[in-house]
Every structure is written in structure tokens, then in C-alpha cells.
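Trainee: Show me the folded form of this:
(chains A and B)
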Amino acid sequence: MNDKDKKTTSDNEVLDGSDQFAVRQAKLNGLCDSGNDPFAANWEQSHVSKEAIELLGEDEETGSDVSVAGRIVAFRLMGKAAFLKLLDRQGKIQAYVRRDEIGDDEYAAFKKLDLGDFIGVRGPLFRTKTGEVTVRAKEYRLVSKSLRPLPEKWHGLSDNDQIYRQRYLDLVVNEESRERFKSRSRIIREIREFMWERDFIEVETPMLQSVSGGAAARPFRTHFNALDCDFNLRIALELHLKRMLVGGFDRVFEVGRVFRNEGLSRRHNPEFTMLEAYQAYSDYRGMMELTRSLIQQVAERALGSLQVERPEGEVIDLSGNWREAKYKDLIIDAVGIDDWFELPKAEKLKKTKAMGIEVDPELEDFEVTNDVFEKVIEHTLVQPTFVTHIPKELCPLAKITQSDPSTIDVFELCINGQEIAPAYSEQNNPAVQRESFLKQVGEETQELDEDFLLALEHGMPPAGGMGMGIDRLVIFLTKAANIRDTILFPTLRPL
RNA sequence: GGGUCGGUAGCUCAAUCGGUAGAGCAGUGGCCUUUUAAGCCAUUGGUUCCGGGUUCGAGUCCCGGCCGGCCUACCA
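Mentor: Have a look, this model is predicted:
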């Protein structure tokens, strides 16, 4: 195509090193010409890095033969010998290669390896002067050539755009990121373990839905050619999991992706992972115990600690029982007015303005109050807090509190200044459910899910239900600053 | 969507008031058989995100666009 690319076709041409792709391509071509296609190679691994390192006892200087493999992430050549670091799924292991041990020809080829290449190394373990367990190579093999240079070894990759668009590079060079995604996987595994231990069954429900309900969010729309009809991507798991309760699966959960057609922010990605769990014959109090135990067990098993230090230094303490606070009490405390809930909307607006909060005057009365919660209170709830007795207008899928008909049987768990998990005593009266759906349909661009109401009319056991934003859980458990740091491939504008 | 800050070598970053675009790492050539961001010598590499404009002269100033960070808006 251009002059630089022409270089790659000729080994005889002198490469000045200015085009690293061309240099590497030429090395690869040279190998292929001599009958060694590295992409055709494989390698028998006897140990992964961490296992191999642990083979050598504290007081041992040398050990048995191992065979390891990985990507070269450090290469220190010192004339007739070299040290290199191989990165595999468990971490890094050092290898030591000497010309007098692998032979002159092999060593000449070895010197042409590049950072980023995958190789296998076989030989005995030994301990270096500084005590690092190292594989002394009797044999090595290039098993895959890397044609492009890795990001800088010390600073890693810091350009956000590139970190998200080329996550694989971030994972190779940034250990913090690598560890965070291992933690995420472990957290989700421990969530499943916990639910199984509690006798829940994991199910999978449709992502493509003709009516998307269970939350008030705008859906993504798509088209199904075979039936020539439009579908929505799901915005919640709720309505299908409740159908499972109707069907007699009285403890069910699902961990899955939901999609909401909303903006991006530090806390929002349009596709994110939810856990929803429904337990028949329980209620929101039961879900409170379940949710607390779940997070405690997951933190204990996945991280080994119930204390999580925030980047700012404050320690989130997950141990013991957690604080409970009534929504109304938190509001009254924040605004400093005992009869806040009796004030007309105009007075509330005056007060919020005096507090320096911008509130849209078109909002409903309860929405003004909820703005106070979201803008003033939520970010202060760093230690785990169950917010209870939430106004009924905010949750159309829950039961009314017997002792206070203005509120519903629900909690909203806040940790790290964010909503993590709401839970309800689920509404199972089909008539009441229809009524609150109809109200919602009137207010928003929601459609009525008649199929779900039909299911309810067949009878759903009383149940507690809980939904948890897994990404937000991972944010605070792994000390991430941004939801995008917890999602391998976050949604980005296509280039 | 709005505000704001940014985009310079493969990567991490400099570049004074508008005056020859630099460094470290990586690469290339050489020395070096226990290194730890290995070291030493030499050296290649630039559409300064893109397109216009002002100017004798633009990485720098102006306008438009693209992409992103942060804040904000939408958000059970």
C-alpha cells in the first residue's frame, strides 16, 4: 500500500526501527521462511505462574522442572543471558535464558523476540540472587508472534478512550484493572453460590420482549424479521420472575443484563447487570436479611474482608446489622422542618431553593421531596443503610404498609452514597396491580402488560423481591471510581 | 442534550509571548552470563485529531467538525 508496508515483504531490506509493525512483520516472515510458523505452534503447560512459584520452598535454591507459558511483558537482555517476565492468568513468572544452555542458534533466534510475544519455557526452577523464583530455560518456543508494540511498561495505558476501546491492552499492562475484573467474576460466582445455598433456582427469562415492564425506563427498540414485529430489550427482570412464582418456582433468581435507553454517567451504563431474586412467603423484611447476608458473604469470600476502604479513605463497614432509617425521618432531618410533608408544594419549592437545590417546579409534590432525597441525602449514605417506608407513589409494584397507608413495604439499600438494591413486599393482588399500572401508563409512555396481569389473576404467592445493581456493587467492593471501570467493554460512541 | 477541559512519536508526557516540535520508555545497531522501570554508547521515528481562517510565520489565536474526561440533564 505505502512504502512502509513494502518493507514487510522483504527481509533483505534494512529496517531502521521506525515502523515497529514492519519490524515485527519482517521477523515473522523470516521465521515462516525458515519453516517455523509461530501461529501453528502449541505448548504443553505443566504449571501456571503462581503454582510454579509456590512449588519452590522457602529454603530451597533449586527445584523440579516446570513448563510455563505466557506473554512476554519484560525483556532484559544482557549479552549472553537474559531475564524475562511472562504474564499468564495468575500473574507473572520470571524466566532466565542462557546461551550456553539453549545453544547458539536457538539463542540468536531468542534475541529477536519482542515484548508482547507469547512463548513457552521449560526448565528447572531456581532462586535468583534477590530471591525471585525463576524458570531456568532449557528450552523455549515462540508460540504466537505479536505484531504490535505494547503500551509503555511503567505508566501503562492511561488514555481513557483507549482503555475502553482496546480493553485487552489495559488488561495486559494495568494490573489494577486485571485484578478488578477477576474480582468481578469472583463476586458474581459467590452471589450464585449464596443463592444456591438458600435453595433458589437460577432461571433465564427473555431479553426480547414485546412489552417491557418492571421499571420506569425507556427501552431500546429492535425488530424481529421473521415475525415482522418490533421488540424491546428488557429493562428489568421482574415481571417474568414473578410469572415463575405463579408457576410454583417459589425461590428464583436471575443474574442478567438489562438495557435502559438513558444517558451515560459515572454511575450509569445503558446495559448493566442486575440480580433479581424472588422468595415466596417472604416479604421486604425477609429480603432485608437476605440482602445483608448476601453482601456480607460475598465480601467475605470474594475479598476476604467486611471492611472496604474507599478511595477517599473512609472505611465502609459491612459487618453486623445495618442501619435502618425511615424515608420521612431522613427527609425531615435534611430539611430541618418537622411538618415538611404537610407543606404545600410551593412552600417545598421555596425551601429547596433556599437550600440551593434546583428542582423543576413542574414536578409532582412527591417528586420534589424525592429530589431532596436524591440530591441531598443519597450521597451521604456511605455506610450501609436500609431506607424504609418510602412514599407509595414511588413504587407501583409493592404492597401498602398496613400501619401507614401513605407508604409501601419496601427498602432501598444505599451503600457508598448510591442506591444498590431495592426490595419490596411484592404486590400480588391483581386488581390493585392493574390500578397502579393504569396510573403509570397514564403518566408515562408505558404499555400495560396484560399477559402479566393474567398471570397474577391465576394467583401469585406473597413474596419478597429484591433487585441489585451488580455493577454498582462491584464499584464499591473493588474501589472503582466509575461504572466503566467495572464493565469490560462499556458502551461507547462508535468511531 | 447543555457546560467545561482535553486530543502532540507505538505508549507516558514536555514545548515560555505566535518564531527550527523535544524527552523517557518502546524500536533499530553495538557492549554486557543473576536482572528487577537493568545499565552504557549510538540512532530511527511526527498529517501536533480533521477541515477552514487570521498571520511574514500556527502545536499555540479564531470558526466548524470528530472523539473523549469531568460536571449536568434524562434515569423506580
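
Trainee: Only C-alpha atoms from now on, for both contacts and neighbour counts.
Mentor: Noted.

Trainee: Now do the strands in the stretch 351-495 of chain A.
Mentor: When secondary structure is read from DSSP state E, counting those that start in this stretch, the stretch 351-495 of chain A shows strands at A:385-391, A:407-415, A:418-425, A:463-469.

Trainee: For RNA strand B, find the nearest of the ones you listed.
Mentor: RNA strand B lies closest, by C-alpha to the nearest atom of the strand, to one member of the strands of the stretch 351-495 of chain A: strand A:418-425, at 6.9 Å.

Trainee: Against which helices or strands is that closest one packed?
Mentor: When contacts are defined as 3 or more C-alpha pairs under 8 Å, 6 or more residues apart in numbering; DSSP states H and E, strand A:418-425 sits against helix A:284-298, strand A:407-415, strand A:463-469, helix A:470-477.

Trainee: What strands line up against that strand, and which way round?
Mentor: Strand A:418-425 has these partner strands in its sheet, going by DSSP bridges: strand A:407-415 (antiparallel), strand A:463-469 (antiparallel).

Trainee: one step back: among the helices and strands packed on strand A:418-425, which is nearest A:Trp322?
Mentor: Across those, A:Trp322 has its closest neighbour in helix A:284-298 (7.7 Å, C-alpha to C-alpha).

Trainee: And the helix or strand following the closest one, what's buried?
Mentor: The element immediately downstream of helix A:284-298 (helix or strand, assigned by DSSP states H and E) is strand A:307-309. Residues A:Gln307, A:Val308 are the ones in strand A:307-309 that count as buried (16 or more other C-alpha atoms under 10 Å).

Trainee: ok, now stretch A:128-142?
Mentor: Under the neighbour-count rule (16+ other C-alpha under 10 Å), stretch A:128-142 has A:Val133, A:Thr134, A:Val135, A:Arg136, A:Ala137, A:Lys138, A:Tyr140, A:Arg141, A:Leu142 buried.

Trainee: Quick one: mean pLDDT over it.
Mentor: Mean per-residue pLDDT for stretch A:128-142: 96.

Trainee: Straight-line length of that stretch, end to end?
Mentor: Using C-alpha to C-alpha, to the nearest Å, the end-to-end distance of stretch A:128-142 comes out at 24 Å.

Trainee: Check the offset of that stretch from the chain's centre.
Mentor: Average the C-alpha atoms of stretch A:128-142, do the same for its chain, and the two points are 36 Å apart (C-alpha atoms, centre = their mean, to the nearest Å).

Trainee: Stretch A:412-419 now?
Mentor: Computed by C-alpha atoms, centre = their mean, the chain-centroid distance of stretch A:412-419 equals 17 Å.

Trainee: hmm, back to that, make a markdown table out of the strands paired with strand A:418-425 and add mean neighbour count.
Mentor: Rendered in a markdown table, the data for the strands paired with strand A:418-425 read as follows (neighbours: other C-alpha atoms under 10 Å):
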| stretch | mean neighbour count |
| --- | --- |
| strand A:407-415 | 25 |
| strand A:463-469 | 24 |
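
Trainee: Quick check on A:Leu113: phi, psi?
Mentor: phi -60, psi 160 (degrees, to the nearest 10).

Trainee: ok, how many other residues are close to it?
Mentor: When counting by other C-alpha atoms under 10 Å, one arrives at 19 neighbours for A:Leu113.

Trainee: I'd like to know how far it sits from A:Leu77.
Mentor: A:Leu113 sits 11 Å away from A:Leu77 when distances are taken as C-alpha to C-alpha.

Trainee: Kindly report the same for A:Ala277.
Mentor: Distance from A:Ala277 to A:Leu77, counting by C-alpha to C-alpha: 56 Å.

Trainee: which one of the two has more residues nearby?
Mentor: In terms of neighbours (other C-alpha under 10 Å), A:Ala277 is the more surrounded of A:Ala277 and A:Leu77; the figures are 27 against 13.

Trainee: for that one, which residues make a bridge with it?
Mentor: For A:Ala277, the residues forming beta bridges with it (DSSP bridges) are A:Phe253, A:Met466.

Trainee: does it really touch A:Glu254, like I thought?
Mentor: Yes. Assessed by C-alpha atoms under 8 Å, A:Ala277 is found in contact with A:Glu254 at 6.7 Å.

Trainee: what touches both of the two?
Mentor: When contacts are counted by C-alpha atoms under 8 Å, 6 or more residues apart in numbering, A:Ala277 and A:Glu254 are jointly contacted by A:Leu241.

Trainee: Enumerate the residues of the stretch 301-450 of chain A near RNA strand B.
Mentor: Proximity of the stretch 301-450 of chain A to RNA strand B is assessed by C-alpha under 7 Å from any atom of the strand, with A:Glu358, A:Asp360, A:Leu394, A:Cys395, A:Pro396, A:Leu397, A:Pro422, A:Gln440 identified as the residues in range.

Trainee: again, only using 10 Å
Mentor: Taking C-alpha under 10 Å from any atom of the strand, the part of the stretch 301-450 of chain A that reaches RNA strand B is made up of A:357-360, A:363, A:367, A:370-371, A:374-375, A:393-398, A:412, A:419-423, A:436-437, A:439-441, A:443-444, A:446.

Trainee: how close does A:Met195 get to A:Ile470?
Mentor: Shown here: A:Met195 relative to A:Ile470, a distance of 14 Å by C-alpha to C-alpha.

Trainee: Compare these two and say which is more crowded by neighbours.
Mentor: A:Ile470 (22 against 19).

Trainee: Please list all residues in contact with that one.
Mentor: If you count contacts by C-alpha under 8 Å, 6+ apart, A:Ile470 has them with A:Phe272, A:Thr273, A:Met274, A:Leu275, A:Ile420.

Trainee: swap the cut-off to 7 Å and go again
Mentor: Listed by C-alpha atoms under 7 Å, 6 or more residues apart in numbering, the contact set of A:Ile470 reads A:Thr273, A:Met274, A:Leu275.

Trainee: for A:Val68, same thing?
Mentor: Contacts for A:Val68 were tallied using C-alpha under 7 Å, 6+ apart; they are A:Gln45, A:Ser46, A:His47, A:Val48, A:Ser49, A:Gly120, A:Val121, A:Arg122.
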